[in-house]
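*Asks:* Build me a structure from this.
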Amino acid sequence: MAQTARIPDVAAQRSAMRKLDFLIGKWSGEASVLRGPGPLVELVQTEEASFKLDGLLLMIEGVGRTKSDGTLALQALGLISYDDELNTYRMRAFNDGRWLESDVELAEEQHSISWGFTIGEIRTKSILRLNEKGEWTELAELTWGDAPPRKLMDLTVRRTHTT
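*Replies:* Next up, the predicted model:
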């Protein structure tokens with residue numbers, strides 16, 4: 001017996017994606033990022049978030065340059081979509097020639113999402129939210145085996161333009 005292809009409910013997808021509209025715009029500020037062994041690297045950070053495909057996809061691009069000399073130190077691109085059949089948000093993220101896929105959870109509190117991934121003994125957890133000042137904050141932690149979590153990234157940016 002042949003299966004029929006399921007037709008996505010794009011209205012439900014767009015409705016779910018609108019819950020992420022708090023991120024839309026251009027943002028700038030500061031970040032500190034772990035870039036290998038050693039101390040965190042201090043960055044001037046920009047983030048740009050916009051809907052694509054008529055609201056079915058949220059694209060977020062982040063660029064970080066070292067505060068000391070402006071050298072490009074971080075480039076990341078995330079694509080978030082909503083699966084109406086499974087009622088879940090999904091993200092595919094690209095950084096440093098690598099990519100990963102992760103479920104994204106919309107927090108009960110407004111204006112907050114979280115995600116993470118596991119590769120072998122390495123686990124990450126990231127929380128992005130707008131704080132009471134309207135700033136986009138993001139905290140990512142890295143855990144290796146049984147070691148305590150270590151800060152992977154700490155970011156605070158402020159909206160400069162809406163798109």
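
*Asks:* I'd say Trp136 and Ile127 touch.
*Replies:* No - contact between Trp136 and Ile127 fails when scored by C-beta atoms under 8 Å: they sit 11.5 Å apart. All C-beta spots, glycine's among them, are computed from the backbone N, C-alpha and C.

*Asks:* So these two - more neighbours on which side?
*Replies:* Trp136 (23 against 16; other C-beta atoms under 10 Å).

*Asks:* Once you drop chain neighbours, what's closest to the more buried one?
*Replies:* Val157 (4.9 Å; C-beta to C-beta, 6 or more residues apart in numbering).

*Asks:* now swap in Asp9 and tell me
*Replies:* Asp84 (4.5 Å).

*Asks:* Against Arg6, how distant is that neighbour?
*Replies:* Distance, Asp84 to Arg6, by C-beta to C-beta, to the nearest Å: 10 Å.

*Asks:* And the strands in this structure?
*Replies:* Under the criterion DSSP state E, the chain contains strands at 25-33, 41-52, 57-66, 72-83, 88-95, 98-106, 112-119, 122-130, 136-144, 150-161.

*Asks:* Buried residues of the second one, list them for me.
*Replies:* I take that to be strand 41-52. By 16 or more other C-beta atoms under 10 Å, the buried positions in strand 41-52 come out as Val41, Leu43, Val44, Gln45, Thr46, Glu47, Glu48, Ala49, Phe51.

*Asks:* My guess is the residue nearest to Trp136 contacts Ser28. True?
*Replies:* Yes - Val157 is in contact with Ser28 according to C-beta under 8 Å; the separation is 5.7 Å.

*Asks:* the more surrounded of the two?
*Replies:* Neighbour count, other C-beta under 10 Å: between Val157 and Ser28, Val157 has more, with 21 against 15.

*Asks:* List the residues that contact the more buried one.
*Replies:* Taking C-beta atoms under 8 Å, 6 or more residues apart in numbering, we find Val157 in contact with Trp27, Ser28, Gly29, Glu30, Ala31, Gln45, Thr46, Glu47, Glu135, Trp136.

*Asks:* quick one: pLDDT of Lys19?
*Replies:* Per-residue pLDDT puts Lys19 at 95.

*Asks:* Glu108 now?
*Replies:* With respect to pLDDT, Glu108 has a value of 76.

*Asks:* Roughly how far does it sit from Lys125?
*Replies:* Taking C-beta to C-beta, one finds Glu108 at 17 Å from Lys125.
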